[in-house]
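Engineer: sequence isn't available, so here's the structure alone:
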């Protein structure tokens, strides 16, 4: 699996407008703050009292919205969920997929020290809210 840090992901997006930031965090995480221009297709949903549960529609929504040759940088909060999403995307036949190490907030070691700064900790452009056409709800409409 290819990996990039948040700064490298930002540079890819700046140098080639075909790059898409696929944010695989939950809807509330995305709405609280996301990379400007990111689209949201959660790999997991937060279920009150149950924690994080797999998004059964992840594959269907991805395939309805993103061609197999899409240039994707995939991020989550710290890099774990996005790594799993990259594995799934690669198995589906997506050919240009990179996991963002450190994700949106940055990765920490077992002592709570930052080991890989994330998108927001580097001060890269951030937006809040649903993102209109980039929101999960809007992207789901294309599956119907």
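Structural biologist: Yep, it's here. Predicted model only: the values in this text are computed from it and were never measured.
Engineer: quick one: pLDDT of residue 131?
Structural biologist: Residue 131 carries a pLDDT value of 65.
Engineer: for the protein, longest helix please?
Structural biologist: Ranked by residue count under DSSP state H, the longest helix found in the chain is helix 80-91.
Engineer: which element follows it toward the C-terminus?
Structural biologist: Next along the chain after helix 80-91, taking DSSP states H and E as the criterion, comes strand 96-101.
Engineer: and that next one, how far from the chain's centre?
Structural biologist: 9 Å (Cα atoms, centre = their mean, to the nearest Å).
Engineer: other residues contacting the helix or strand following it?
Structural biologist: Sequence order places strand 106-108 as the next helix or strand after strand 96-101, per DSSP H and E. For strand 106-108, the external contacting residues (Cβ atoms under 8 Å, 6 or more residues apart in numbering) are 78, 79, 101, 114, 115, 116, 117, 118, 120, 121. Quick note: C-beta positions are derived from backbone N, CA and C, even for glycine.
Engineer: on the three-state scheme, the residue sitting furthest away from the middle of the chain is what?
Structural biologist: Farthest-out residue of the chain from its mean C-alpha position, per Cα atoms, centre = their mean: residue 111, at 25.3 Å. For residue 111, the secondary-structure state derived from DSSP: H, G, I helix; E, B strand; the rest coil is coil.
Engineer: now do residue 13
Structural biologist: helix.
Engineer: tell me if I'm right that it and residue 75 touch.
Structural biologist: No. Contact criterion Cβ atoms under 8 Å: residue 13 and residue 75 do not qualify, at 11.2 Å.
Engineer: what's across from the spatially most central residue of the chain in the sheet?
Structural biologist: The centre of the chain sits closest to residue 23, judged by Cα atoms, centre = their mean, with a distance of 2.0 Å. Beta bridges link residue 23 to residue 40, residue 75, judged by DSSP bridges.
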